[in-house]
Each structure stands twice: as structure tokens, then as C-alpha cells.
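Participant: Structure for this input, please:
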Amino acid sequence: MDKKLVALLACPVCKGDLHLDHEKQELVCRNDAMAFPIREGIPVMLATEARTLTTDERLEKKR
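Facilitator: Numbering: from 1, shown residues only. Just a heads-up that it's a prediction; the model follows:
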């Protein structure tokens, strides 16, 4: 996914910044601890499709 496109997108819940996780193909909102999937190159920006970050993933942001 293009970094310029990621910079234009915002979390649909809090309108905060999203961070691209290349490995998991997800856009991560650290404020809400949610990860939105990228399917076939298209971000799925629905809260109902997002997964909640694990405790370990939440702790990573503090490092």
C-alpha cells in the first residue's frame, strides 16, 4: 500500500493517525487499539471488520 495513501487515511472511529503494518497487511490505530485489514490492496475501514490489538501489541507502542 502506498505511503501517500496511508497518510490521507484516518481512523473511522477517532479520526486519528493510522500506521501501516506491512507484515500483517493492516492499518493500525494505536489510540483505539484497533487494526483494520487490507484485502486485495483495499483498506477495509469498518469498525465491525477491525480486530482488537492484543496486549502485547498494545505494549509495543510504548517502546
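Participant: Going by C-alpha atoms from here, please, whenever you check contacts or count neighbours.
Facilitator: OK.
Participant: If you count neighbours, what's buried in the top strand by length along the chain?
Facilitator: When every strand of the chain is counted residue by residue (DSSP state E), the longest turns out to be strand 34-39. Neighbour counts using 16 or more other Cα atoms under 10 Å place 34, 35, 36, 37, 38 of strand 34-39 among the buried residues.
Participant: The third one is in contact with residue 27, isn't it?
Facilitator: It stands for residue 36. Yes: using Cα atoms under 8 Å, residue 36 and residue 27 qualify as a contacting pair, with a distance of 5.0 Å.
Participant: overlap in contacts of those two?
Facilitator: When contacts are counted by Cα atoms under 8 Å, 6 or more residues apart in numbering, the set common to residue 36 and residue 27 consists of residue 43.
Participant: Let me know the secondary structure of residue 27.
Facilitator: Under the three-state scheme (DSSP: H, G, I helix; E, B strand; the rest coil), residue 27 adopts strand.
Participant: Read off the pLDDT value for it.
Facilitator: pLDDT, residue 27: 96.
Participant: separation between it and residue 43?
Facilitator: To residue 43, residue 27 is 8 Å away according to Cα to Cα, to the nearest Å.
Participant: Now do the shared contacts for these two.
Facilitator: With contacts defined as Cα under 8 Å, 6+ apart, the residues adjacent to both residue 27 and residue 43 are 36, 37.
Participant: Neighbour count for those two, which is higher?
Facilitator: For residue 27 against residue 43, the residue with the higher neighbour count under other Cα atoms under 10 Å is residue 27, and the figures read 26 against 16.
Participant: Please report the distance of that one from residue 40.
Facilitator: Counting by Cα to Cα, the separation of residue 27 from residue 40 is 14 Å.
Participant: before we move on, what about residue 7?
Facilitator: From residue 7 over to residue 40 the distance is 19 Å, taken as Cα to Cα.
Participant: Tell me which of the two has more neighbours.
Facilitator: residue 7 (12 against 8).
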